[in-house]
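Undergrad: no sequence for this one, just the structure:
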C-alpha cells in the first residue's frame with residue numbers, strides 16, 4: 001500500500017469507533033464495487049449497441065475501473081490490519 005494512502009486512512013479513522021469503522025467500510029466497498037460495475041456496464045453497452053468504439057474512451061473507462069479496484073484492495077488490506085489491531089488491543 002502506498003505510504004500516502006496508508007497515512008490518509010490512518011488519519012481519517014484514528015478516532016472512529018470500531019462499529020462505525022465497519023459501517024463505513026461497508027459503504028466504501030459498495031461504492032467501489034459500483035464504480036467497477038458501472039465501468040463494465042458502459043463497455044458492454046457500447047459493444048452491444050455497436051457504437052463506434054473509441055479506444056481512448058475504452059482506455060479511460062478501464063483505467064477508472066482498475067484504479068477503483070486497486071484502491072479497494074488497498075483499503076481492504078488497511079481494514080484487515082485495523083480490525084486486527086483493534087482485536088489485539090481488546091485482548092490485551
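TA: Nice, I can see it. Here the structure is a predicted model, which means the values were calculated and not measured.

Undergrad: can you give me the helices in this structure?
TA: 3-13, 18-48, 55-91 (DSSP state H).

Undergrad: would you turn these into a markdown table with mean neighbour count and mean pLDDT?
TA: For every residue, glycine as well, the C-beta is placed using N, CA and C. Shown next, in a markdown table, are the helices of the chain (neighbours: other C-beta atoms under 10 Å; pLDDT from 0 to 100):
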| stretch | mean neighbour count | mean pLDDT |
| --- | --- | --- |
| helix 3-13 | 12 | 79 |
| helix 18-48 | 13 | 86 |
| helix 55-91 | 13 | 86 |
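
Undergrad: Hmm, residue 25 and residue 75 touching each other?
TA: Yes: the pair residue 75 and residue 25 qualifies as a contact (C-beta atoms under 8 Å) at a distance of 7.4 Å.

Undergrad: Would you mind listing the residues in contact with the spatially most central residue of the chain?
TA: Residue closest to the mean C-alpha point of the chain, counted by C-alpha atoms, centre = their mean, is residue 72 at 2.5 Å. Applying C-beta atoms under 8 Å, 6 or more residues apart in numbering to residue 72 gives the contacts 28-29, 32-33, 36.
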